[in-house]
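Peer 1: Pasted the sequence and its predicted model underneath.
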Amino acid sequence: MRTVRASEDLARLAPSRAAVGGWLGQRLSAVALLILVPWVVFSLATIGSAEPEALRAWVAHPGHATVLAGLFLAAYYHAALGLEVVIQDYVHPEHLVALLILGVRLAALAGALSAVAALVWLVTLP
Amino acid sequence: MSTPLPRRVLSPHLQVYRLPFNAWVSILHRITGVLWSVALLAATALLWMLAGGADAVKIVSWLATAAGQALLFVLVFALMFHWAAGLRHLLLDLGWGFSAPWPTRSAWLVPVVALAGTVLAWVL
């Protein structure tokens, strides 16, 4: 069977480079999250949810916080791209699509910056 | 009986079709993705609460109650479902699993892997 190289086909067909960039970015962030998500889920599972102080100490560990920052950045980027596709598929008035996508991008940017700021705060907290 | 049916063949509406399992996995991939876009904001808020102190104790100890555990279970299952369905999509993008039994088989694997992953998180 012929291997489908969707990215190359899209590059030839898509009306804009931006569309291909989003398609590729969605998949690159997905690959990162494929590893980072199980890491955080199973790490948190072993800590146990009943101990807020243990949770804080785990998150505030510089190594964990650094990987968590990467996780939050990848996740917000991935979410913004995914929501963009969902909005394009189910919302019809053209101007509303543009407005919602702008809103999603701004919210994702704010969320990502806020998450990184919180992590820096947690690490530097006495 | 106000409007008479048109005297021609009508194409059935989407709800009439029995969707193949692949289609359900695809729709749930989107729903769990949207759900976790919102959950991501909640996770960010939790980070700020951890930095703040008092509120974090309330939230984290509420998560240990039956209701909290139920919510957490649903959220983790949704995350694992999205993870497994996403992995399936990445493999399909590479051209894997297109021939006859595999698209359906891999679609059934998605909820199985998601449930296994969620249960594992609770056992650990």
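Peer 2: Happy to help now that I have it.
Peer 1: which residue is nearest the centroid of the chain?
Peer 2: Went with chain A since none was named. A:A75 (1.6 Å; CA atoms, centre = their mean).
Peer 1: oops, I was thinking of chain B
Peer 2: Chain B, centroid-nearest residue using CA atoms, centre = their mean: B:T32 at 3.4 Å.
Peer 1: does any part of the worst-scoring helix or strand of chain B on mean pLDDT sit near chain A?
Peer 2: One helix or strand of chain B scores below all others by mean pLDDT, DSSP states H and E: helix B:54-63, with a mean of 82. Yes. Judged by CB under 8 Å from any CB of the partner chain, helix B:54-63 comes into contact with chain A at B:A56, B:V57, B:V60, B:S61, B:L63. Yep, even glycine has a C-beta here, placed from its N, CA and C like the rest.
Peer 1: what does stretch B:100-115 rub up against?
Peer 2: Applying CB atoms under 8 Å, 6 or more residues apart in numbering or on different chains, the external contacts of stretch B:100-115 come out as B:20-22, B:24-25, B:77, B:80-81, B:83-85, B:88, B:91-92, B:97.
Peer 1: Next, give me the two most distant ones among those residues.
Peer 2: Spanning the widest gap among the contacts of stretch B:100-115 are B:F77 and B:G97, at 23.1 Å by CB to CB.
Peer 1: quick one: low-confidence parts of chain B?
Peer 2: Residues of chain B meeting the criterion pLDDT under 70: B:1-6, B:53.
Peer 1: Need the single longest helix in it, by residues.
Peer 2: helix B:21-52 (DSSP state H).
Peer 1: In chain A, where is pLDDT below threshold?
Peer 2: Using pLDDT under 70, chain A drops low at A:1-19, A:48-50, A:126.
Peer 1: just the helices in it please.
Peer 2: A:6-13, A:17-47, A:52-60, A:62-90, A:94-124.
Peer 1: Let's have those in JSON lines, adding distance to chain B.
Peer 2: Formatted as JSON lines, the helices of chain A follow (distance: least, CB to the nearest CB, whole Å):
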{"stretch": "helix A:6-13", "distance to chain B": "6"}
{"stretch": "helix A:17-47", "distance to chain B": "4"}
{"stretch": "helix A:52-60", "distance to chain B": "4"}
{"stretch": "helix A:62-90", "distance to chain B": "4"}
{"stretch": "helix A:94-124", "distance to chain B": "4"}
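Peer 1: Distance to B:S106 for the ones you listed - can I get that in a markdown table?
Peer 2: Formatted as a markdown table, the helices of chain A follow (distance: least, CB to CB, whole Å):
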| stretch | distance to B:S106 |
| --- | --- |
| helix A:6-13 | 17 |
| helix A:17-47 | 16 |
| helix A:52-60 | 34 |
| helix A:62-90 | 20 |
| helix A:94-124 | 30 |
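Peer 1: For B:R7, which of those helices is the nearest?
Peer 2: helix A:62-90 (33.1 Å).
Peer 1: between the closest one and helix B:21-52, how big is the angle?
Peer 2: 140 degrees (axes from the mean of the first three to the mean of the last three CA atoms, to 10 degrees).
Peer 1: Within range of chain A, give me the residues from chain B.
Peer 2: Counting by CB under 8 Å from any CB, chain B sits next to chain A at B:30, B:33-34, B:36-37, B:40-41, B:43-44, B:47-48, B:50-51, B:56-57, B:60-61, B:63-64, B:68-69, B:72, B:76, B:79-80, B:83, B:86-87, B:90, B:93-95, B:98-99, B:117, B:120-122, B:124.
Peer 1: swap the cut-off to 6 Å and go again
Peer 2: Proximity of chain B to chain A, by CB under 6 Å from any CB of the partner chain, involves residues B:33, B:37, B:40-41, B:44, B:47-48, B:50-51, B:56-57, B:60, B:63-64, B:83, B:86, B:93, B:95, B:121, B:124.
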